[in-house]
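Undergrad: Turn this into a structure:
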Amino acid sequence: MSKLKVGTLRRGDIVFTTEPRRARVVLGFTGTERRDSRAAYLSVHEGGKFVLGEHVTIARGTAIVINGARLSIGNNFFCNDDCFFTCDRDITIGNDNLYGWRVEMNTTDGHDILENGQLKERSKPITIGNHVWICADSHIGKGVVIADDCVVAQRSLVIKKHLMPHTLIGGMPAKDIKNGMAWKG
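TA: So this is what the prediction gives:
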């Protein structure tokens, strides 16, 4: 059984890109067997929007917190258990994306950071292209752009832009490992 806990949510905070139909969006899907059974969590704060394409599945234990920004998810999106999305700035996810367990996207540092006495920018948007597979336990940080048709290897820490399509991205911090890659799913 799907479970969903709703935090802050007001009329108009969730936007569908097409006419709503049965089973078009699933929040709290039970995901892979023998995984955690926690409820999914959604909170859209003042000025925030959650924009959903068709065939969006977000598994149980996943938390989404939108703080005055916009989280846009394209068509044919599957997010496995226990992922975490926090947006102080926009997150844009293209079509045909697949995310493994415990993938995190965070547009903010959460606290002010000074570099040589100068305040650094606290939040930056994240953009993920079409047909991107982000494997389990990966973290996508503020300001990241990932091109179309990429794979992010398991347990990667992605903290910069990766603009070359068909690339295997991986490591801590992540780098382009191999070009000419593709995935089916």
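
Undergrad: Measure how buried the closest residue to residue 111 other than its chain neighbours is and give me the count.
TA: Spatial nearest neighbour of residue 111, excluding adjacent residues (C-beta to C-beta, 6 or more residues apart in numbering): residue 122 at 7.8 Å. Using the backbone N, CA and C atoms, a C-beta is placed for each residue, glycine as well. Neighbourhood size, residue 122 [other C-beta atoms under 10 Å]: 15.

Undergrad: How much space separates residue 122 from residue 112?
TA: 6 Å (C-beta to C-beta, to the nearest Å).

Undergrad: How about residue 144?
TA: From residue 144 to residue 112 the distance is 20 Å (C-beta to C-beta).

Undergrad: just residue 6 next, same as before
TA: For residue 6, the distance to residue 112 (C-beta to C-beta) stands at 30 Å.

Undergrad: Next secondary structure after the helix or strand of the chain with the lowest mean pLDDT?
TA: When the helices and strands of the chain are scored by mean pLDDT, DSSP states H and E, strand 25-29 comes last with a mean of 63. The C-terminal neighbour of strand 25-29 among helices and strands, as given by DSSP states H and E, is strand 40-44.

Undergrad: list the contacts for residue 114?
TA: Applying C-beta atoms under 8 Å, 6 or more residues apart in numbering, we find residue 114 in contact with residue 120.

Undergrad: before we move on, what about residue 148?
TA: With contact taken as C-beta under 8 Å, 6+ apart, residue 148 is in contact with 94, 129, 130, 131, 132, 165.

Undergrad: The first one is in contact with residue 145, isn't it?
TA: No: under the criterion of C-beta atoms under 8 Å, residue 94 makes no contact with residue 145, lying 11.1 Å away.

Undergrad: Neighbour count for those two, which is higher?
TA: More crowded of residue 94 and residue 145, by other C-beta under 10 Å: residue 94, with 21 against 16.

Undergrad: so how far is residue 150 from the nearest residue to the more buried one once chain neighbours are set aside?
TA: The shortest distance from residue 94 to any non-neighbouring residue, by C-beta to C-beta, 6+ apart, is to residue 130 (3.7 Å). Distance, residue 130 to residue 150, using C-beta to C-beta: 10 Å.

Undergrad: Pull up the overlap in contacts between these two.
TA: Common neighbours of residue 130 and residue 150 (C-beta under 8 Å, 6+ apart) do not exist.

Undergrad: The two: who's more crowded?
TA: Higher neighbour count among residue 130 and residue 150: residue 150, with 26 against 17, using other C-beta under 10 Å.

Undergrad: Alright, calling it a day.
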